[in-house]
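J.: Generate a structure from the sequence data that follows.
(3 chains, ligands or ions: 2)
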Amino acid sequence: MAHSTRPMTDWRKAKLPVFAFLAPATIIYTVFMIYPLLDSIRLSFYTSVSGGDLTFVGLDNYRTILGDPGWSATFWNAFWNNMKFFAVHMLVQNPIGIALAAVLSLPQLKLRNTYRTLIFMPTMLSVVVVGFIWQLILSPVWGVGPEILDIFGLKSLFGPWLGKEGSALITLALISVWQWVGIPMMLIYAALLAIPEDLVDAAVVDGASHFEVFLHIKLPLVLPTIAMVSILTFVSNFNAFDLIYSVKGALAGPNFSTDIMGTLFYRTFFGYQLQLGSPTLGATVASLMFIIILVGVLFYLFVVQRRLSRYQL
Amino acid sequence: MYKNIRKDDASRAVIVHAVLLSYTLLALYPVFLIVINAFKTRKGIFSDPMGLPGPKTFSLEGFTKVLAKSDFEVYFFNSISVTVITIGIVLLLAAMAAWAISEYEFPGNTVLALYLAIGIMVPIRLGSVSILGLIVDLGLVNTLTALVLVYVAQGLPLAIFILTEFMHQIPKDLKEAARCDGVGEFTIFFAIILPLIRPAVATVAVFTMIPIWNDLWFPLILAPGDGKQTITLGVQQFIGQYVTDWNAVLASLTLAIIPILILYLIFSRQLIRGLTSGAVK
Amino acid sequence: MADLKLDQIRKSYGAVDVLHGVDLDVKDGEFVVFVGPSGCGKSTLLRIIAGLEDITGGDLMIDGDIVNTKSPRDRGIAMVFQSYALYPHMSVYKNMAFGLKLAKTNKAELDERVRNAAKILQLDALLDRRPAELSGGQRQRVAIGRAIVRQPKVFLFDEPLSNLDAALRVQTRIEIAKLHQKLKSTIIYVTHDQIEAMTLADKIVVLNAGNVEQVGSPMELYHHPKTRFVAGFIGSPAMNFTRVTITAVEPGRVTVQTPGGKSAVLPFEVTTDHIGTEVELGIRPEHMGLDRAGELGVDGEVEVVEKLGDSVYLYVRLANGDRVTLRAPGHCRIKIGEAVSARADAAAAHLFDRNGQAFAKLDCPEEYSAME
Ligand SMILES: Nc1ncnc2c1ncn2[C@@H]1O[C@H](COP(=O)(O)OP(=O)(O)O)[C@@H](O)[C@H]1O
Ligand SMILES: [Mg+2]
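T.: Ligands and ions are numbered 1, 2, ... in the order given. Okay, the predicted model is just below:
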């Protein structure tokens, strides 16, 4: 965030309504982003009796969600599911993204741009579309999945992965990885391109193989980008909703095994089946999500980022 | 001719291409599979899912059904209007704010820059309860305006951040030369700075567009009906309704995929340049 | 320690030919400098020797082995880059140790070699610093140190001094010369600066647009340039050229008519079929004098005066519009606009045919041919 160069012109001498330039962006941002965030946090301390007036209840909503046996089980189930969802992204998406970026940045690679364009394509599709595509492919009714596995002689491994409690969440996470791997790939690829060629040449002259160049030179130099990709992944994972909702609905079945914070938030806010929706309990879930994301972001800003130096290349 | 090519280089090239080709296949084949089956009869879909549509299996019944039973063209129009209008507003407002922040010294400059950056890391969805309340109060439920307002707020923080960084890189001499020539500040911004930030515009546009185009959440809670659905929500609702009609489902997915693929292939160069440009570090 | 042989080395990038068949012999322990204008292919040739670029055609031999397809690490070379290319995330020590670590050198030996190199280059106190915490000159020395520790058969330098300021450049130049005397290793050094080339080289290779113009010792190139390009490139300020017409030819002597209409007899071996043709006559500024006798003379008006302290450069415009540079002693008081006339010995002249090839000069006194 820190800018090395300071602004130069004093606003009083600007002969330009500096505040008129700032106002539109600041106002829209404040009204539709900051105010709702703060207002949601405020609402989490209130309750409304059947849609009526708000009454202040202090931390009661939090006690309900974290203390009430039914609520707390649901909450922690969603939280740990979300952690698993995030772990799959960290362990699968980011390594694949790094590997693809590393391969794409190899010198003298032909068709580099074609590969890059094609591999990035799923990222452009809507999450909903992606969810349905995989739902169809993995559907035992259609039978494409087993047929594809058969090509590799792995037909016996096929199962209704999306339908089973044990595998549904992981499968959904992998679908999400399939869609989003283009983003880490591109960001890391861009960072790799910024490494001067001389540096790689020097390492090659020093006797490094392509792999050793990557391990000892390129990887350490793109670590800050990898850290940034990781925190972006964390924030977007703890904010995820669309994929699970479109494949599994708000109930995040089977038996809530794919429930994550986003779907819990939606159900709490709008209600489902017999349970009525509650804006204030919804705001409480949102505030808890805010705290989780904040912890992650602060950890990144104050622990991770401080330890990783960016090098002047 | 080939005697100077290193042997290990040649075999490495083969491995590298094998790896990239397999991944490309993994990325494209599922989409391909959906698209080819959309053009088949129901029988064709199930008897030979991996084959191309042939004379016996070719059918457009799915498409006729989808076009008859839903307003796909409307959804498309909605999605494109929302995305394009949002990108336009974000670019203009963010450029103005970034210029004010990077160029002028005023009390609270740094604090304001930090305040505007909060939204980069904190997802706007967390404020949904109050956003819905706000939109209800403003009487904007089921309007595209509601979506545009929220998406503008969502896109501004990163856009301002990227453009501020970029404007810091514009050489001081350029602005000072203009000032010495007596050019007004408004003219400096519109005639000198805006054209100069063109390379960053692609970056901002891409990062604004991807989350908007893909979003299901806000259409679902702010504009879920009345023909104001975006394509993402439209597909979701349609498939929810016709889930067992494979022809209709495949056709609706294909209708959602194809235009995007065409747009993507046309603009992929700019898009990828935007993603990988130096403006984002 | 090694010798090197380049045999018809060619390089093209797609349809663009960058090197057109370079032949060269480098003897063990020799300091060879590639010099030439920017873009002439010096770096490409050096990178080919390093193994960083594939060879399009021809053979490269190190110690008698053809190494065309060997990777850099198997060639026994080390290279110093113009940008230094220090690993920004490693300390000075680790930068120097990197190559040895990859080669799995044992710890004690690695440490000894790094510390030894650090001592030679006075880097002892800086071993724990990162490159970002070093000055330009220090970075340069680390880059050299990284090459030294590998004890290569051949050192390759690509314009190593061009990022340094003028004073440091001279100082580092001397250090490199000392280093060569100490290590007695084979060095190939690329520069576009002819002064660096003259001061450092045992042997200079002048490249022009992908061709070798001439190979020789510094003084050989200075006194006996084989082409007009070499004559103009080596020496500062550059040699003066003017067009003259050959009017008569005798064995070992040629009569030319200067633009001023005067005739002069010069000691060159020219065949009779050149009679009547235009050729180019070149004389170095330092070989022309205001109060000097000589068979060749020019008259003109001083346009610019540059005072360098020990000498003065006069930029003179001749009656026919040609411009000529003269070097006069430092105490010279000539002012702009003054008319001057300068003379030079016929033996100081160089004569080039229309293709830029030099005519053989006979009867050359010591002053114009001294070799070291
Ligand atoms: N990778 C490349 N692709 C195409 N042309 C190149 C490449 N590298 C160098 N060249 C061209 O080869 C010529 C020689 O370059 P170089 O060896 O770097 O010159 P220099 O003598 O300045 O070091 C230049 O004209 C340059 O444009
Ligand atoms: Mg060069």
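
J.: make it CA atoms for all contacts and neighbour counts henceforth
T.: Noted.

J.: Geometric centre of chain A: which residue is closest?
T.: Nearest to the mean C-alpha position of chain A, by CA atoms, centre = their mean, lies residue A:236 at 2.4 Å.

J.: tell me the secondary structure for the residue nearest to residue B:225 when sequence neighbours are not counted?
T.: Of all residues not flanking residue B:225 in the chain, residue B:142 sits nearest, at 6.4 Å (CA to CA, 6 or more residues apart in numbering or on different chains). Per DSSP: H, G, I helix; E, B strand; the rest coil, the secondary structure class of residue B:142 is coil.

J.: coming back round to it: enumerate every residue touching the residue nearest to the centre of chain A.
T.: The contact partners of residue A:236, taken as CA atoms under 8 Å, 6 or more residues apart in numbering or on different chains, are residue B:123.

J.: Just say helix, strand or coil for it.
T.: helix.

J.: For residue C:307, name its beta-bridge partners.
T.: Here residue C:307 sits in beta bridges with residue C:312, going by DSSP bridges.

J.: gap between it and chain A?
T.: 41 Å (CA to the nearest CA, to the nearest Å).

J.: again, but for residue C:355
T.: In this structure, residue C:355 and chain A are 38 Å apart, going by CA to the nearest CA.

J.: Angles on the backbone of that residue, please.
T.: phi -90, psi 10 (degrees, to the nearest 10).

J.: what's the average pLDDT for the helix or strand that contains residue A:232?
T.: Counting by DSSP states H and E, the secondary-structure element that holds residue A:232 is helix A:219-237. Taken as a whole, helix A:219-237 has an average pLDDT of 94.

J.: Flag every buried residue along that helix.
T.: For helix A:219-237, a neighbour-count test (16 or more other CA atoms under 10 Å in any protein chain shown) marks A:219-226, A:228-231, A:233-237 as buried.

J.: circling back to that earlier point, ok, the residue nearest to residue B:225 - how many residues close by?
T.: Residue neighbour count, defined by other CA atoms under 10 Å in any protein chain shown, stands at 21 for residue B:142.

J.: In the stretch 151-281 of chain B, mark out all the helices, start to finish.
T.: Read by DSSP state H, counting those that start in this stretch, the stretch 151-281 of chain B holds these helices, from start to end of the chain: B:172-180, B:185-187, B:194-196, B:198-214, B:217-222, B:231-241, B:246-276.

J.: pLDDT value on the residue of chain A at minimum distance from ligand 1, please?
T.: Per CA to the nearest ligand atom, residue A:108 is where chain A lies closest to ligand 1, at 9.7 Å. With respect to pLDDT, residue A:108 scores 81.

J.: what does the stretch 1-150 of chain C put close to ligand 1?
T.: Within reach of ligand 1 by CA under 6 Å from any ligand atom, the stretch 1-150 of chain C has these residues: C:13, C:18, C:38, C:39, C:40, C:41, C:42, C:43, C:44.

J.: Show me where chain A has its strands.
T.: Counting by DSSP state E, chain A has these strands, from start to end: A:9-10, A:46-48, A:54-56, A:271-272, A:275-276.

J.: Residues touching the last one, excluding its own?
T.: In this structure, residues lying in contact with strand A:275-276 by CA under 8 Å, 6+ apart are residue A:270.

J.: Next, work out how far apart the residue lying closest to residue A:205 once chain neighbours are set aside and ligand 1 are.
T.: Nearest in space to residue A:205, with sequence neighbours left out and distances taken as CA to CA, 6+ apart, is residue C:72 at 5.3 Å. Remark: distance between residue C:72 and ligand 1 (CA to the nearest ligand atom, to the nearest Å) = 18 Å.

J.: give me the number of residues near residue C:324?
T.: Summarising burial for residue C:324: neighbours were counted as other CA under 10 Å, giving 23.

J.: The stretch 201-350 of chain C: strands as residue ranges?
T.: With strands called from DSSP state E, counting those that start in this stretch, the stretch 201-350 of chain C shows them at C:203-208, C:211-216, C:240-250, C:253-257, C:263-266, C:268-269, C:278-283, C:296-307, C:311-318, C:323-329, C:339-344, C:350-352.

J.: hmm, who's touching the shortest one?
T.: Pointing back at strand C:268-269 there. Identification of contacts with strand C:268-269 by CA under 8 Å, 6+ apart yields C:251, C:252, C:253, C:254, C:351, C:359, C:360, C:361, C:362.
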